[in-house]
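In: Could you work out the structure for the sequence below:
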Amino acid sequence: MILAALILFLASSLAQTNGTWDVTGYLSVEAIQSVMTVYWKVDGKNITIAIVSQSTGYVGFGISPDSANPAMIGSDAFIGSVIGGVASGRDYYLSNEATCFQGDGVCDDSAYGHKDDVTVLYGDLINGVTRIKYTRPLVGSDAAPIDITIADGSVGFVAAYGASTAIQYHSGGRNFGSVNFITGAATIAADTTDLRAAHGFLMFFAWGFLLPLGSGVARWAKKFGWWFNIHRLLQSVGVLATVAAFVLAVEFSTSHFDTPHKIIGLTVLCLSLIQPPLGILADKWFSLNRDGTPVFPDYVHWFFGWSAVILGLINVAIGLFVFYANQYVALVIAYIAWASLVAIILIITTIVMLAKYGASGESH
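Out: Numbers count the residues shown, from 1 in each chain. From the prediction side, this is the model:
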């Protein structure tokens, strides 16, 4: 193992020493606006690709099988970095967004019996700018979907960079597009950073504030005559914010409902849309003369409502961690502290109100 690592290190060093950065005559595309530019040149049966990124962590560039809707999942990608002046990189197949486990996830080809077609030619890291040049065959050694053939015609691409040389989720540092490697024609996806930020704000506003507060009013403020109107107002605004956030997510996402965050988000949306009609029924069917609280719609409304609040609080944390943990650690920590505070307040208030008023606390 040590000997193999030494040979790999020497080979990488030698390749870097003998290689040059010269990209004269290369075609290029600004894969990530103001951050990453990708150069390439086709030479016979091979293509040489050179990446320049205004970053110090890993860089990634992959070929997506769908030129119309390029996505990370299913891509044949190069991921590399420069550490201690030495460039390295491997050939990866991205079956999903998770860390590689038993051949599934972000896995390098050689780890599971496939051939690594990538040869790193050069790399440096100077003044916060990473440059890596590598070559790969137009036709890979492995069959699709592990390797994707580069031919005359438009293919999708994905580009990403990370804050660390360790391969982890790239937060907002990614982009998609399509390119013809023969002619150089390319289209780049619109920058979705602002849409993602708006989505995150709306979901925090709804599930980190409005909806937990509205649910708390319904549970603990029924002794006051104003509780129902306040509850209805808070929940209505929260549901509208959730719908708006969902529309934004559909707009900026290139794949749908393929990660826990997206699946939980869809579940929360469905629960929040079910709640208004259940609440209306509970209000219309309420009677002071009833023997007890009915399962439908009252308890169903209660169960769906608190399930949505809990899932919403958790999913906002997942979204912050997945998309912003590398860049805004303090933001993630602050939200976790806030969500924990909300949970503690809900638990303590529940205990106090149960002790004071009993289980129902019902006054309509």
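In: and the spatially closest residue to Met36 that is not a sequence neighbour, what does it touch?
Out: The spatial neighbour of Met36 that comes closest, neighbours along the chain excluded (C-beta to C-beta, 6 or more residues apart in numbering), is Ser53 at 4.4 Å. (Each C-beta comes from the backbone N, C-alpha and C, glycine too.) Contact analysis of Ser53 by C-beta atoms under 8 Å, 6 or more residues apart in numbering lists 32, 35-36, 59, 129-131, 161.
In: rerun at 7 Å
Out: Listed by C-beta atoms under 7 Å, 6 or more residues apart in numbering, the contact partners of Ser53 are 35-36, 59, 130, 161.
In: Of those, which is the nearest to Ser110?
Out: Val59 (19.3 Å; C-beta to C-beta).
In: circling back to that earlier point, nearest to Thr183, of the contacts of Ser53?
Out: Met36 (21.1 Å).
In: buried stuff in the lengthiest helix in the chain?
Out: Secondary structure of the chain per DSSP state H: the longest helix is helix 329-357. If you call a residue buried by 16 or more other C-beta atoms under 10 Å, then helix 329-357 has these buried ones: 332, 335, 338-339, 342, 346, 353.
In: Let's have those residues in TSV, adding pLDDT.
Out: As requested, the buried residues of helix 329-357 are exported to TSV (pLDDT from 0 to 100):
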residue	pLDDT
Val332	76
Tyr335	86
Trp338	87
Ala339	86
Val342	84
Leu346	77
Met353	67
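In: I'd like a version of the residues you listed in JSON lines, one that adds distance to Gln235 as further columns.
Out: Below are those laid out as JSON lines (distance: C-beta to C-beta, whole Å):
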{"residue": "Val332", "distance to Gln235": "27"}
{"residue": "Tyr335", "distance to Gln235": "22"}
{"residue": "Trp338", "distance to Gln235": "20"}
{"residue": "Ala339", "distance to Gln235": "19"}
{"residue": "Val342", "distance to Gln235": "16"}
{"residue": "Leu346", "distance to Gln235": "16"}
{"residue": "Met353", "distance to Gln235": "19"}
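In: nearest to Gly84, of the residues you listed?
Out: Val332 (29.5 Å).
In: which residues touch Thr350?
Out: Thr350 touches nothing, counting by C-beta under 7 Å, 6+ apart.
In: per-residue pLDDT, it?
Out: Reported pLDDT at Thr350 in the predicted model: 73.
In: Equivalent analysis for the one 4 residues further on, please.
Out: The per-residue pLDDT reported for Leu354 equals 68.
In: Can you give me the neighbour number for Ala218?
Out: Using other C-beta atoms under 10 Å, Ala218 is surrounded by 23 other residues.
In: Is it located within a helix, as I assumed?
Out: Yes - assessed by DSSP: H, G, I helix; E, B strand; the rest coil, Ala218 belongs to a helix.
In: what's the spacing between the residue lying closest to it once chain neighbours are set aside and Gly214?
Out: Nearest in space to Ala218, with sequence neighbours left out and distances taken as C-beta to C-beta, 6+ apart, is His231 at 4.5 Å. From His231 over to Gly214 the distance is 5 Å, taken as C-beta to C-beta, to the nearest Å.
In: Comparing those two, which residue is more hemmed in?
Out: Using other C-beta under 10 Å as the criterion, His231 and Gly214 rank with Gly214 on top: 23 against 20.
In: need the strands for the chain, in chain order.
Out: 27-32, 36-43, 46-53, 59-64, 75-83, 86-94, 106-108, 119-126, 129-137, 155-161, 174-179, 186-188 (DSSP state E).
In: neighbours of the closest residue to Arg174 other than its chain neighbours, just the number please.
Out: Closest residue in space to Arg174, ignoring its immediate chain neighbours: Ala160 at 4.0 Å, by C-beta to C-beta, 6+ apart. Residue crowding around Ala160 was assessed by other C-beta under 10 Å; the count is 27.
In: my read: Ala160 touches Ile167, true?
Out: No - applying C-beta atoms under 7 Å, one finds Ala160 not in contact with Ile167, separated by 9.9 Å.
In: what does the model give the residue lying closest to Leu213 once chain neighbours are set aside for pLDDT?
Out: The spatially closest residue to Leu213, leaving aside those adjacent along the chain, is Leu234, at 5.7 Å (C-beta to C-beta, 6+ apart). According to the prediction, Leu234 has pLDDT 96.
In: Please apply the same query to Ala144.
Out: With respect to pLDDT, Ala144 scores 85.
In: ok, now which ones touch the closest residue to it other than its chain neighbours?
Out: Nearest residue to Ala144, sequence neighbours excluded (C-beta to C-beta, 6+ apart): Pro65, at 7.4 Å. By C-beta under 7 Å, 6+ apart, the contact list for Pro65 reads 74, 145, 148, 156.
In: do that again at 10 Å, thanks
Out: 71, 73-76, 144-145, 148, 155-156 (C-beta atoms under 10 Å, 6 or more residues apart in numbering).
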